[in-house]
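>>> how would this look folded up:
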Amino acid sequence: MTFPRLLSGLVLLAAFGSAAAAEEVRVATQPIPLYAPLYVAQHKGWLEEELNKARPGTTVKLSYFNAGAPINESFASGLQDIGLLGDTPALIGKSAGIDTRIIGKPSAGPKTIAVIVGVDSPITSARDLKGRKVGVPKASYTEHLLSLVLQGQGLTLKDVEQVNLTNGDIPPAIVAGSIDAGAVWEPILTKFEAQKAVRVLADGTGLKSGLLAIVAGSDFLKNRRDLARAFLRAYARGADFVKANPAEAARLVSDDVKLPPDLAEKVFAKLDFNPVLTAEDIAEFKKTEEYIRGIGLIRSSVDVDAFADRAVASEAGLK
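You can find the predicted model right below:
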């Protein structure tokens, strides 16, 4: 082989190796309106724009899950860099040894979580749930809400018959009469309220803020912290757009969140999408950690102050 040909081949191999090493940020999410800014940022091109400002050539891969538990499993298998999930599964994953940090919140809103009953149900108070079948996804943040609602009436989870159902299966089970009540999160709540199939017995107002978590792998933060900052900037741009243009945002992400635009807009009105963690958020994470440790969902305590990395957002210039 001549020297020019050899040189050409080496150049091609170098180019190929560079392409093969291109950055990819893997994001675990759920197709729900609680994460609307992520989908807005994706449609607007802001995700890759911000990531490419940090590292040119970076791409994003979104993976969709129906709850936080399988997101934890995906993190445990090393398949994700960033994840959006409820406060309870985030804490459970951390306690189980998944090496993540909370870097922000995708949204919060106490009216986005609720204990519901059938629209014609005779149940009028949480006290009436004693001895009843109540559907709730195991180890979810709405299980915590259910516990708090019962506690307000002097009851505990042991006073009801818990039925482990997915969020989407709960309203149909109520309508069918196979359970008496359920604890759910959006968009299921708004969707079935609009159909006049269920009514709210109690929501998170005064009890639980509906706080969700943006987590990132510790190795990702150590080695690619600039991309974590870029992700939060893109999310914040999406959040600003939803706040300023809720109707347009609802139309834009309707397919992503599996909800008609008119209903998506109703859900948006219940939410604070600012991803920056506040002192109040940290206090709520601590309350949730204390609760799930108290009922035995976790065996090892989680130091929430160490788990939360609030500096990422401030480094990104977010307030």
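
>>> mind checking how far Val25 is from Thr58?
Separation of Val25 from Thr58 (Cβ to Cβ, to the nearest Å): 6 Å. In short, each C-beta sits where N, CA and C put it, glycine included.

>>> Looks like Gly68 contacts Leu91 (just checking).
No. Gly68 is beyond contact range of Leu91, at 9.9 Å (criterion: Cβ atoms under 8 Å).

>>> where exactly do the helices run in the stretch 151-300 of the chain?
170-176, 188-194, 218-244, 246-257, 261-268, 279-294 (DSSP state H, counting those that start in this stretch).

>>> Out of these, which is closest to Ile98?
Judged by Cβ to Cβ, the one of the helices of the stretch 151-300 of the chain that comes nearest to Ile98 is helix 218-244, at 9.4 Å.

>>> From the contact counts, what lies against the closest one?
Here helix 218-244 touches strand 24-29, helix 36-44, helix 46-54, strand 82-86, strand 100-104, strand 212-217, helix 246-257, helix 311-315, going by 3 or more Cβ pairs under 8 Å, 6 or more residues apart in numbering; DSSP states H and E.

>>> One more pass at 7 Å, please.
helix 36-44, helix 46-54, strand 100-104, helix 311-315 (3 or more Cβ pairs under 7 Å, 6 or more residues apart in numbering; DSSP states H and E).

>>> okay, the angle between the strand or helix carrying Gly93 and helix 279-294?
Using DSSP states H and E, Gly93 sits in helix 87-95. Angle of helix 87-95 versus helix 279-294, following axes from the mean of the first three to the mean of the last three Cα atoms, to 10 degrees, is 70 degrees.

>>> Relative to the whole chain's centre, how far out is helix 87-95?
12 Å (Cα atoms, centre = their mean, to the nearest Å).

>>> Glu49 is nearest to which of the helices of the stretch 151-300 of the chain?
helix 218-244 (7.3 Å).

>>> before we move on, back to that, shared neighbours of Val25 and Thr58, anything?
With contacts taken as Cβ atoms under 7 Å, 6 or more residues apart in numbering, Val25 and Thr58 have Leu51, Leu227 as neighbours in common.

>>> Give me the more crowded residue out of these two.
Between Val25 and Thr58, Val25 has the larger neighbour count (other Cβ atoms under 10 Å), namely 24 against 20.

>>> for that one, what are its contacts?
Going by Cβ under 7 Å, 6+ apart, Val25 touches Leu51, Thr58, Val60, Asp81, Ile82, Leu227, Phe231.

>>> closest to Tyr291 among those residues?
Among these, and counting by Cβ to Cβ, the member closest to Tyr291 is Ile82, at 25.5 Å.

>>> Just flag the most distant two among the contacts of Val25.
Longest distance between any two of the contacts of Val25 is 12.6 Å, between Thr58 and Ile82; criterion Cβ to Cβ.

>>> so Arg293 makes contact with Ser301?
Yes. The criterion here is Cβ atoms under 7 Å, and Arg293 meets it with Ser301 at 5.8 Å.

>>> between those two, which one's more packed in?
Between Arg293 and Ser301, Arg293 has the larger neighbour count (other Cβ under 10 Å), namely 16 against 11.

>>> quick one: the spatially most central residue of the chain from Ala202, how far?
In the chain, the C-alpha nearest the mean C-alpha coordinate belongs to Leu85, at 2.8 Å (Cα atoms, centre = their mean). Distance of Leu85 to Ala202, given as Cβ to Cβ: 23 Å.

>>> between the helices of the stretch 151-300 of the chain, which gets nearest to Val40?
Nearest of these (Cβ to Cβ): helix 218-244, 3.8 Å.

>>> Now do the closest one against strand 100-104, angle only.
Helix 218-244 runs at 20 degrees relative to strand 100-104, counting by the same axes, to 10 degrees.

>>> Would you mind listing the buried residues in helix 218-244?
Residues of helix 218-244 classed as buried: 220-221, 224-225, 227-239, 241-242 (neighbour count, 16 or more other Cβ atoms under 10 Å).

>>> Stretch 190-203 too?
In stretch 190-203, counting by 16+ other Cβ under 10 Å, buried: Thr190, Lys191, Phe192, Glu193, Ala197, Val198, Leu201, Ala202, Asp203.

>>> could you redo these as TSV and give each row pLDDT?
Putting the buried residues of stretch 190-203 into TSV (pLDDT from 0 to 100) gives the following:
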residue	pLDDT
Thr190	95
Lys191	95
Phe192	96
Glu193	95
Ala197	97
Val198	97
Leu201	98
Ala202	98
Asp203	97
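
>>> Which of those residues sits closest to Ser209?
Nearest member of those to Ser209, counting by Cβ to Cβ, is Asp203, at 10.8 Å.

>>> Next one: the closest one from Ala216, what distance?
For Asp203, the distance to Ala216 - Cβ to Cβ - is 30 Å.
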